[in-house]
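Chemist: the amino acid sequence is not available; the structure is as follows:
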């Protein structure tokens, strides 16, 4: 068995969740000792497609013509495309048609959560859809790495007693950026750091206005990888993820792996595997979020870190690699 992880144009996706998922697959297959290649000119038995651009569609079609098996990742849905970029809601129905076209190219579709599987099961794909987490690299996200923590605090020139609320994501209304900015205006005593970047040309009017009017205690340093952001996960007082829609959210797993107190929006995606007051805290409104931030930072709220870490450990990349191997073998055995 040899797997082709199709990664053409991966640099376009490096700063997105899809790009992170692709890197996780490389690590997962390496850990599981499953032979794979990223060179489409090599011999292979099964191709794994993560992206939805024309080159990915052509690769899937070519593989099927050659009698190869195809697995397509369902990272995106119409639902999580809405309220993202400029004109995304108007484009969303056509985006769904495009998704269905490429997902149907797979012999099987993998999607990160039971929630996203439920959505894709309504798309009429006539394909088996399997829920499997994108996983998290537990070895990278260590709550006790003092060197990374020091690099993070020095980079942002943080005082010893400065309280930090962090998040990671694209600058989208769907991600709740505008809500975080409004909350920050009422909590000037906390420093809010939003890691990530999105080209200004595709930002919605709502998000452009929110960023223009952000208070001084909101820092937007752009896309930062490596020790600094890993130190942030390990040291922040709260990881706040006010997203309205996701298919999983790898950054949530990274926060849990780092034992960073997690505050998320109470939405269906998290109903089945994250429980308020047990392994995370959940809110629905900005007023609830502000009260929860205060309680978490002052240690009045339940300590959910150890239970949250167990959720991440269940989704360690090593375990994901084993499960991917089982899925690949099953697909290859099917006539």
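Modeler: Ah, there it is. All of these numbers come straight from a predicted model, not from anything done at the bench.
Chemist: contacts for the helix-or-strand element of the chain with minimal mean pLDDT?
Modeler: Within the chain, confidence by mean pLDDT, DSSP states H and E is lowest for helix 17-31 among all helices and strands, at a mean of 92. By C-beta atoms under 8 Å, 6 or more residues apart in numbering, the residues outside helix 17-31 that reach it are 3, 5, 7, 10, 13, 36, 38, 48, 50-51, 73, 75-76, 112, 134-137, 248-251, 317-318, 320-321, 324-325. To be clear about C-beta, it is placed using only N, CA and C from the backbone, and glycine gets the same treatment.
Chemist: do stretch 67-77 as well
Modeler: The contact list for stretch 67-77, computed with C-beta under 8 Å, 6+ apart, reads 17-18, 21, 44-50, 52, 60, 63-64, 95-96, 99, 102-103, 105-112, 116-117, 119-120, 129, 247, 327-328, 331-332, 334.
Chemist: list only buried entries from the residues you listed.
Modeler: The neighbour-count test (16 or more other C-beta atoms under 10 Å) marks 17-18, 21, 44, 46-50, 52, 60, 63, 95-96, 99, 102-103, 105-112, 116-117, 119-120, 129, 247, 327-328, 331 as buried among the contacts of stretch 67-77.
Chemist: about what we covered before: please spell out the PyMOL selection for the buried subset of the contacts of helix 17-31.
Modeler: Selection of buried members from the contacts of helix 17-31 for PyMOL, criterion 16+ other C-beta under 10 Å:
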select buried, resi 3+5+7+10+13+36+48+50+51+73+75+76+112+134+135+136+137+248+249+250+251+317+320+321+324+325
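Chemist: looking at the contacts of helix 17-31, which are in strands?
Modeler: Counting by DSSP state E, the part of the contacts of helix 17-31 found in strands is 3, 5, 36, 48, 73.
Chemist: now for those: which two are most distant?
Modeler: Maximum pairwise distance in the ones in strands among the contacts of helix 17-31, criterion C-beta to C-beta, is 14.7 Å, between 36 and 73.
Chemist: circling back to that earlier point, so which of the contacts of stretch 67-77 are in strands?
Modeler: Among the contacts of stretch 67-77, the members found in strands (DSSP E) are 46, 47, 48, 49, 108, 109, 110, 111, 129.
Chemist: make JSON lines out of these and add distance to residue 25.
Modeler: Listed next are the ones in strands among the contacts of stretch 67-77 as JSON lines, based on distance: C-beta to C-beta, whole Å:
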{"residue": "46", "distance to residue 25": "13"}
{"residue": "47", "distance to residue 25": "12"}
{"residue": "48", "distance to residue 25": "7"}
{"residue": "49", "distance to residue 25": "11"}
{"residue": "108", "distance to residue 25": "15"}
{"residue": "109", "distance to residue 25": "15"}
{"residue": "110", "distance to residue 25": "10"}
{"residue": "111", "distance to residue 25": "14"}
{"residue": "129", "distance to residue 25": "18"}
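Chemist: just give me the closest of these to residue 174.
Modeler: If you rank those by distance to residue 174 using C-beta to C-beta, residue 111 comes first, at 17.7 Å.
Chemist: average pLDDT across stretch 274-282?
Modeler: What stretch 274-282 shows for mean pLDDT is 98.
Chemist: likewise stretch 138-150?
Modeler: 91.
Chemist: how far does it stretch from one end to the other?
Modeler: End-to-end span of stretch 138-150 (C-alpha to C-alpha, to the nearest Å): 20 Å.
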